[in-house]
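Asks: Below is the sequence, then the predicted model.
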Amino acid sequence: MELEKLGWAEPFKTAFEIGSDPSWIPARVVSSQREQLRLWTERGLIPAALSGRLRHAAGKGELPVVGDWVSAALDPTAERAVVHTVLPRRSMLARKRPERSSELQLIASNVDVVFAVSALNSDFSPRRLERALALTWEGGAQPVVVLTKLDTCDDPEPYLEQARAVAIGVPVHALSAHTGEGLEALREYLAPGRTVALIGSSGVGKSTLVNWCLGEERAATNEARAVDDKGRHTTTARELFLMPDGGLLIDTPGMRELGLTEASTGFEVTFEDVEALVANCRFADCQHRSEPGCAVQHAIERGELDGERYAGYQKLQRELAFEHRRRDERARVEHQRELRKVFRQRAKATRVHPKP
């Protein structure tokens, strides 16, 4: 197997040459289950395990995930390998773990394009799509919105309008993996050596889309529940597939929760339109409620900004601020100091202007 077909390129080559033992080989992680890996190498697909040093020295988020390039040593039979180092990542997809924690959960790495998949039915959510876009931009990949189940939707235009309104500057494609309508538009993203990852809720058709890309039934599929269009989990693990035309595809389990921890760049790109309005407010400390010269409220009143989109912007902004305070002790202390200042000012105002 030629490594270039697996996405091997600079700066991976340089990092491998600098930090690897001469006896090691480069390999790409195909799957990872409880520290048991499968790797693509020049010799083909082989199982692997972590070295003891890597297992104990690596911090959270530093262990190999699907899509990683690693340095590995083959055993004498060349039928198994031991992974010693993870090469620096060019991009990564990560979310906050669903439980109440600041800990990152790495989804995949070294991804070029992310298909943010949603179905054209009642489970479609512009707010969830915004989160997927922020997560993708922050990780360094190019997002593409893919709206599936076109064959079951009588009127897709309202969904398309909502998707385009939140996915500013991002391609939006509607398709049916069952009938084939719209699928050919995706081929431009599936170029040789390029890695595409799919993210989205269960039941939106990711596995069916994977099977079309691979040209065979490799991923199990399941229908969404008829009562509410919510899906059942089909994919249970992340896996890297090599497509017939040379592209690479990473399938992921269904994820309804896409918690963000630190996504300042991704947040700003996703809400570029809202950020531009905020910058045009008359006052730098505008709270965007009833202040004079508020560009945000003016845009909402004129129908130029959807109120729900702004509410989603505020919710994500609060979430990111909370996570930042939790991760940064200094920011937390500063926030508490500001709160005390506000409380003292309110108490002083009450004493000066007592209620009648």
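Replies: That came through, no problem.

Asks: how about the strands in the protein?
Replies: Along the chain, the segments classed as strands by DSSP state E run 25-33, 36-41, 44-50, 69-74, 81-86, 92-96, 104-109, 113-119, 142-148, 172-174, 195-199, 239-242, 248-251.

Asks: which regions of the stretch 51-200 of the chain lie under the pLDDT threshold?
Replies: Low-confidence segments of the stretch 51-200 of the chain (pLDDT under 70): 59-61, 97-103.

Asks: Kindly reformat the strands of the chain as CSV and extend each row with mean neighbour count.
Replies: C-beta: built from backbone N, CA, C; applies to glycine. Formatted as CSV, the strands of the chain follow (neighbours: other Cβ atoms under 10 Å):
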stretch, mean neighbour count
strand 25-33, 22
strand 36-41, 21
strand 44-50, 16
strand 69-74, 22
strand 81-86, 21
strand 92-96, 22
strand 104-109, 23
strand 113-119, 25
strand 142-148, 24
strand 172-174, 19
strand 195-199, 26
strand 239-242, 20
strand 248-251, 25
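
Asks: show me where the stretch 101-250 of the chain has helices.
Replies: Here the stretch 101-250 of the chain has its helices, by DSSP state H, counting those that start in this stretch, at 126-139, 157-166, 206-214.

Asks: Please tell me how far residue 77 sits from residue 47.
Replies: Distance of residue 77 to residue 47, computed by Cβ to Cβ, to the nearest Å: 12 Å.

Asks: correction: residue 64
Replies: According to Cβ to Cβ, residue 64 stands 13 Å off from residue 47.

Asks: what do you get for residue 177?
Replies: Counting by Cβ to Cβ, the gap from residue 177 to residue 47 is 32 Å.

Asks: Could you do residue 66 as well?
Replies: Distance, residue 66 to residue 47, using Cβ to Cβ: 15 Å.

Asks: that older thread, save the helices of the stretch 101-250 of the chain as JSON lines, and put in distance to residue 271 and mean neighbour count too.
Replies: Formatted as JSON lines, those follow (distance: least, Cβ to Cβ, whole Å; neighbours: other Cβ atoms under 10 Å):
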{"stretch": "helix 126-139", "distance to residue 271": "8", "mean neighbour count": "23"}
{"stretch": "helix 157-166", "distance to residue 271": "9", "mean neighbour count": "16"}
{"stretch": "helix 206-214", "distance to residue 271": "26", "mean neighbour count": "22"}
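
Asks: Compare these and give me the one nearest residue 42.
Replies: Ranking the helices of the stretch 101-250 of the chain by distance to residue 42, with Cβ to Cβ as the measure, places helix 206-214 first at 22.2 Å.

Asks: hey, C-alpha coordinates of the closest one in CSV?
Replies: Output of helix 206-214 as CSV, limited to C-alpha atoms (Å, rounded to 0.1, in the frame of the first residue of the first chain):
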residue,chain,number,x,y,z
LYS,A,206,-24.6,8.3,7.5
SER,A,207,-24.1,4.5,7.1
THR,A,208,-26.1,4.5,3.9
LEU,A,209,-24.0,7.3,2.6
VAL,A,210,-20.8,5.4,3.6
ASN,A,211,-22.0,2.4,1.7
TRP,A,212,-22.6,4.5,-1.4
CYS,A,213,-19.1,6.0,-1.2
LEU,A,214,-17.5,2.6,-0.8
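
Asks: could you say what helices and strands that helix packs with?
Replies: Packing contacts for helix 206-214, counted by 3 or more Cβ pairs under 8 Å, 6 or more residues apart in numbering; DSSP states H and E, involve strand 113-119, strand 142-148, strand 195-199, strand 239-242, strand 248-251.

Asks: Can you check what angle separates it from strand 142-148?
Replies: Helix 206-214 and strand 142-148 are oriented at 110 degrees to each other (axes from the mean of the first three to the mean of the last three Cα atoms, to 10 degrees).

Asks: any idea how far helix 206-214 is from the chain center?
Replies: In this view, helix 206-214 has its centroid 19 Å away from the chain centroid, taken as Cα atoms, centre = their mean, to the nearest Å.

Asks: avg pLDDT for that helix?
Replies: Summarised as a single mean, pLDDT over helix 206-214 is 90.

Asks: my read: residue 293 touches residue 283, true?
Replies: Yes: Residue 293 lies in contact with residue 283 (Cβ atoms under 8 Å); the separation is 6.7 Å.

Asks: just to revisit the earlier point, got JSON lines for the helices of the stretch 101-250 of the chain, with distance to residue 27 too?
Replies: Shown next, in JSON lines, are the helices of the stretch 101-250 of the chain (distance: least, Cβ to Cβ, whole Å):
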{"stretch": "helix 126-139", "distance to residue 27": "22"}
{"stretch": "helix 157-166", "distance to residue 27": "38"}
{"stretch": "helix 206-214", "distance to residue 27": "21"}
